[in-house]
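Peer 1: any chance you could fold what I've pasted below:
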Amino acid sequence: MAKGIKVGLLGVGNCASAIVQGVHYYMSKKKSGEVNDVPGVMSRDIGGYDVTDIEFSTAFDISSHKVGKDLSEAIYARPNLTRLLTSVPLIGVKVQKGAVMDGVADHMRSVFNPVSDGNPPPSVDDVVENLKRTHTEILLNTLPVGSEKATRFYADAAAKAGVGFINGIPVFIASDPTGSWPSIFEKAGVPLMGDDVKGQVGATITHRSLARLFHMRGVKIDETYQVNIGGNTDFLNMTYEERLHSKRISKTEAVTSLLPYGKEMQDEGKIRIGPSDYVPFLENNKVCYIYLKGRSFADYPLTMNLKLSVDDKSMFAGAMIDAIRIMKLAINEGVKGVLVKPSAFFFKHPPLQAKDDETAMKWVKDWIGNPKQAGG
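Peer 2: Numbers count the residues shown, from 1 in each chain. Alright, predicted model coming up:
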């Protein structure tokens, strides 16, 4: 089997920094013979591919702090806050100027400092040409929340270039209710995964697990909320409610989908999920508060309050390292269109929701063993 998975990055922010650094972190461990297992991923080996088989072929960003720099330098440029995991040698990939569109909210312009060199932004054809020239196989979307138009722009380019697309943010591409985007990738003959990544042990999957536990043990949930605070640009971006529409839907449905009365709770305003505030000194640390109130036997009240503190972007990176290798298997096997079963495990708003443990986990393991199975 030819090794190497050529991955393109949309956005060279904290998520991209964690992914690139993580791959090189395990490369250094592998060279020194220290790696027996790899914490934070499903398996060191997925279908014959190691974490260290991932290569970075191209990258797009809009910040003057990053465009034109080698990817190895851009991942440390401001306003990135990802902690130093390892030094990354020159990769030989210069960050390309991307299309801004709605990728930068007005209140974020001074933070991201978009390039203003007088040259026009890239067209879809320009991006297609870049993806083909760099032999990119998979394009990973880590643009800021609210980048609806920009995400569709790059998804269109990926499909036209014959490149697999992994949508890590809450824009509904794989889960498009009209079915248009899944159909586009099906016709293009390439795979699609999404939408909105579930971190390894992040706020949403923890909330899902607690809601599932309550329901499984016969406790009726009357009300629940999840609020998150953090200090990176992701949280600053989300201080504007208009950027959050799809994000709230994604995170809310990830929880309500597990409960037979979840839609009723949502309609009655008994569930509230989403970011709450930006606290700069927290940097990449996300602090999540989860509250559940329910009734047990004979209507006895039960209340749970939980606080979770995690490095937000390492949670993203670990899940994406697995998703990348799974998509590579799909490409090798000629699987096209939405990877429904893997998406159910890795994303908050997949085309088909499933319980994380006995269903989604089994689905993805079975899929790895037989990527051509019916149903994606």
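
Peer 1: contacts and neighbour counts: CA atoms only from here.
Peer 2: Noted.

Peer 1: Val287 in helix, strand or coil?
Peer 2: At Val287, secondary structure determined by DSSP: H, G, I helix; E, B strand; the rest coil is strand.

Peer 1: please tell me how far it sits from Pro275.
Peer 2: Counting by C-alpha to C-alpha, to the nearest Å, the gap from Val287 to Pro275 is 10 Å.

Peer 1: okay, and the common contacts of the two?
Peer 2: By C-alpha atoms under 8 Å, 6 or more residues apart in numbering, Val287 and Pro275 have these common neighbours: Asn228, Ile229.

Peer 1: how about the helices in the stretch 51-200 of the chain?
Peer 2: Ranges of helices in the stretch 51-200 of the chain, per DSSP state H, counting those that start in this stretch, are 71-74, 109-112, 124-133, 148-161, 180-188.

Peer 1: ok, which of those comes nearest Pro170?
Peer 2: Proximity to Pro170 (C-alpha to C-alpha) singles out helix 148-161 among those, at 8.5 Å.

Peer 1: which helices and strands does that closest one pack with?
Peer 2: For helix 148-161, the contact count by 3 or more C-alpha pairs under 8 Å, 6 or more residues apart in numbering; DSSP states H and E identifies helix 124-133, strand 164-167, helix 180-188 as packing neighbours.

Peer 1: buried ones in the last one, by neighbour count?
Peer 2: I take that to be helix 180-188. Neighbour counts over helix 180-188 (16 or more other C-alpha atoms under 10 Å) mark Trp181, Pro182, Ser183, Ile184, Phe185, Glu186, Ala188 as buried.

Peer 1: closest to Ser343 out of those residues?
Peer 2: Nearest to Ser343 out of the buried residues of helix 180-188 is Pro182 (C-alpha to C-alpha; 12.6 Å).

Peer 1: in this protein, which spans are strands?
Peer 2: 5-10, 45-46, 49-50, 54-61, 96-97, 138-141, 164-167, 191-193, 220-230, 271-278, 285-295, 301-311, 337-338 (DSSP state E).

Peer 1: to Leu236, which of those strands lies closest?
Peer 2: Checking the strands of the chain against Leu236 by C-alpha to C-alpha gives strand 271-278 as the closest, at 5.5 Å.

Peer 1: other residues contacting the closest one?
Peer 2: Applying C-alpha under 8 Å, 6+ apart, the external contacts of strand 271-278 come out as 223-232, 235-236, 238-239, 247-248, 251-252, 265.

Peer 1: can you give me the buried ones in the longest helix belonging to the chain?
Peer 2: What stands out as the longest helix in the chain, according to DSSP state H, is helix 312-332. Neighbour counts over helix 312-332 (16+ other C-alpha under 10 Å) mark 312-331 as buried.

Peer 1: what residue of the chain is the furthest out?
Peer 2: Ala298 (41.7 Å; C-alpha atoms, centre = their mean).

Peer 1: from Lys270, how far off is that one?
Peer 2: Using C-alpha to C-alpha, Ala298 is found at 21 Å from Lys270.
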